[in-house]
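>>> Quick check, what structure comes out for this input:
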Amino acid sequence: MIFRFSDKAIQKLRPGASQVLHSDSDCPGLRIRINTSGKKVFVVQWFEAGKAKRKAIGEFPAMSVGEARAIALQAESGQRGTTRAEGAPFTLAESFAGYIEERRLSWAAKTYKYEALHFEKHVKPALGDEPLETLTVEKLDAHLERQPLKLRARLRRHIGTWMRWATDKGHLQPMPPLKKIRVTTRKERMEATSARSRFLGLHELRDVMTTIDQATQGAGRNETAVAFALIAATGARLNEVCDALWREIDYEAGVLRIPAERMKGGRPHTITLNSYAIRALNRVRRRRPDGRIFPLAQGENLRRWRVQHLEPLTSEPFVQHDFRRTMTTHLADLGVPVFVTDQMLSHVVGAASGGSAITRVYNFGSFELQTTEAWGLWGDVLEWLIGERPEKLGVRFDARASNSFVKWREERAHLPRVALMVGQAPTRAGRAPLQG
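Model (predicted):
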């Protein structure tokens, strides 16, 4: 229960069947604990790293309400040496702690945790010690402007709700509302970062794929990085890789067969697993034979890992879908026809390449031989970029890069393809079968 502490009010409190904790409406962080024996103990509560911590400070009536309030006011900042004078002005941190504690009873546990964590991490370091008497809406707006764009709207909502609560409690003088923050739409963010024309140049792709490859090796290999490796190696969509099942792999044919219900166009799609894709699958821990290949690599994990580890290596931001554009662009520079890359991306043949309606009516070819060769070529490009790390790369395949890649590929033409399980003997055309 929350009420204004006074000696008379506390004397009227009676013990119950279990221990009870009451909160002081006038002093954030001050509680009184009533034990089943009738013993009444003052308790202070403060927050560290978003977690509530409590400490008993004295027994009532040996300690008065005024003494308990003085100790509680200084406990929020973690200083428990000297006593603050009663009636001293609240700081933002002290008032916000009282707001969070009062709302805790009506919030879900997750809401309570994130409200406290956001304040501890993004507001308290800069404004926590600011006295409410000197706090202005201009200071709050200036602080919000310095925060990452994705956090501004959320922090504005938290701070705005606290401002109304603090004004009602008398902690804060009435102030104008915070400046409105316009939240950009997903379409606008995509246009700003990708603009549907973003692809990774060869120099960017070399650095990105090297980082991915390093993160997929060793005992500490990262499942999210392995999912990125498969996305880059196949040009598949995000959900086509993250929701893939082990049973969808045809080990004899060396392909990934995606059923129609998981495809954007509603048509089944077959992806040939090139050498780099197989190498990535070799590094995945199998939890269940019939389960997902990447149970931990989901949208938010991929986004966070890309922003943290990959985007610093590129000249401008990119998204997972840009790997499809990257593969298609560089394969076109190497001479792969557009209708083949259309089939690799599971597009309607002729639609993306400007084909006529007649073409789509009469041409039902699967182009299996051509797409298999193209995926193999793309796997070799990635192997070349990671293994050789060629210098002086530009954005596209110029004459120098093309000659270097062709020479490297010719030197390795006699080597067998990697198998899904190490130790399998190579079969026809130097290709080893995938093994379950």
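>>> Please make it C-alpha for all contacts and neighbour counts, starting now.
OK.
>>> Point out where the stretch 151-300 of the chain drops to low pLDDT.
181-196, 219-220, 285-289, 299 (pLDDT under 70).
>>> Where do the helices of the stretch 1-150 of the chain begin and end?
Here the stretch 1-150 of the chain has its helices, by DSSP state H, counting those that start in this stretch, at 7-11, 65-75, 92-104, 109-122, 124-127, 137-145, 149-169.
>>> Determine the angle, from 0 to 180 degrees, between the last one and helix 92-104.
What that stands for is helix 149-169. Counting by axes from the mean of the first three to the mean of the last three C-alpha atoms, to 10 degrees, helix 149-169 lies at 80 degrees to helix 92-104.
>>> circling back: could the helices of the stretch 1-150 of the chain go into TSV alongside distance to residue 212 and mean neighbour count?
Output for the helices of the stretch 1-150 of the chain, formatted as TSV (distance: least, C-alpha to C-alpha, whole Å; neighbours: other C-alpha atoms under 10 Å):
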stretch	distance to residue 212	mean neighbour count
helix 7-11	62	12
helix 65-75	46	22
helix 92-104	41	21
helix 109-122	30	16
helix 124-127	35	14
helix 137-145	34	15
helix 149-169	26	16
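>>> Kindly reformat those as TSV containing distance to residue 21.
Below are those laid out as TSV (distance: least, C-alpha to C-alpha, whole Å):
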stretch	distance to residue 21
helix 7-11	12
helix 65-75	15
helix 92-104	12
helix 109-122	18
helix 124-127	26
helix 137-145	33
helix 149-169	21
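>>> With residue 236 as the reference, name the closest of those helices.
Residue 236 sits nearest to helix 149-169 of all the helices of the stretch 1-150 of the chain, at 27.8 Å, using C-alpha to C-alpha.
>>> what does the domain assignment say about this protein?
Domain assignment for the chain by automatic domain parsing gives 1-88, 89-183, 196-430.
>>> chain center to the second one: distance?
Spelled out, it's domain 89-183. 24 Å (C-alpha atoms, centre = their mean, to the nearest Å).
>>> What of the shortest one?
Average the C-alpha atoms of domain 1-88, do the same for its chain, and the two points are 39 Å apart (C-alpha atoms, centre = their mean).
>>> Contact partners for the spatially most central residue of the chain?
With distances taken as C-alpha atoms, centre = their mean, the chain has residue 304 as the residue nearest its mean C-alpha position (3.2 Å). Listed by C-alpha atoms under 8 Å, 6 or more residues apart in numbering, residue 304 has no contact partners.
>>> Any regions of the stretch 301-436 of the chain where pLDDT drops low?
Scanning the stretch 301-436 of the chain for pLDDT under 70 picks out the ranges 349-365, 414-436.
>>> And the helices in it, which stretches?
Under DSSP H, counting those that start in this stretch, the stretch 301-436 of the chain gives helices at 322-333, 338-344, 357-362, 368-388, 399-411.
>>> Nearest to residue 155, out of those?
Nearest of the helices of the stretch 301-436 of the chain (C-alpha to C-alpha): helix 322-333, 30.9 Å.
>>> got the buried residues for that closest one?
By 16 or more other C-alpha atoms under 10 Å, the buried positions in helix 322-333 come out as 322, 323, 324, 325, 326, 327, 328, 329, 330, 331.
>>> Against residue 244, how distant is the fourth one?
When distance is defined by C-alpha to C-alpha, to the nearest Å, residue 325 is 21 Å away from residue 244.
>>> picking up where we left off before, point out the most buried one among the helices of the stretch 301-436 of the chain.
Mean neighbour count (mean count of other C-alpha atoms under 10 Å) peaks for helix 338-344 among those, with a mean of 22.
>>> what's the distance between it and the middle of its chain?
Helix 338-344 sits 32 Å away from the centroid of its parent chain (C-alpha atoms, centre = their mean).
>>> Number of residues surrounding residue 230?
For residue 230, the neighbour count with other C-alpha atoms under 10 Å is 22.
>>> list the contacts for the nearest residue to residue 42 once chain neighbours are set aside?
For residue 42, ignoring the flanking residues on the chain, the nearest one in space by C-alpha to C-alpha, 6 or more residues apart in numbering is residue 32 at 4.4 Å. With contact taken as C-alpha under 8 Å, 6+ apart, residue 32 is in contact with 21, 22, 23, 40, 41, 42, 43.
>>> could you flag which of the residues you listed are buried?
22, 23, 40, 41, 42, 43.
>>> Which member of these is positioned nearest residue 63?
Nearest to residue 63 among these is residue 42, at 8.2 Å by C-alpha to C-alpha.
>>> Identify the residues contacting the closest one.
30, 31, 32, 33, 56, 57, 58, 59, 60, 68.
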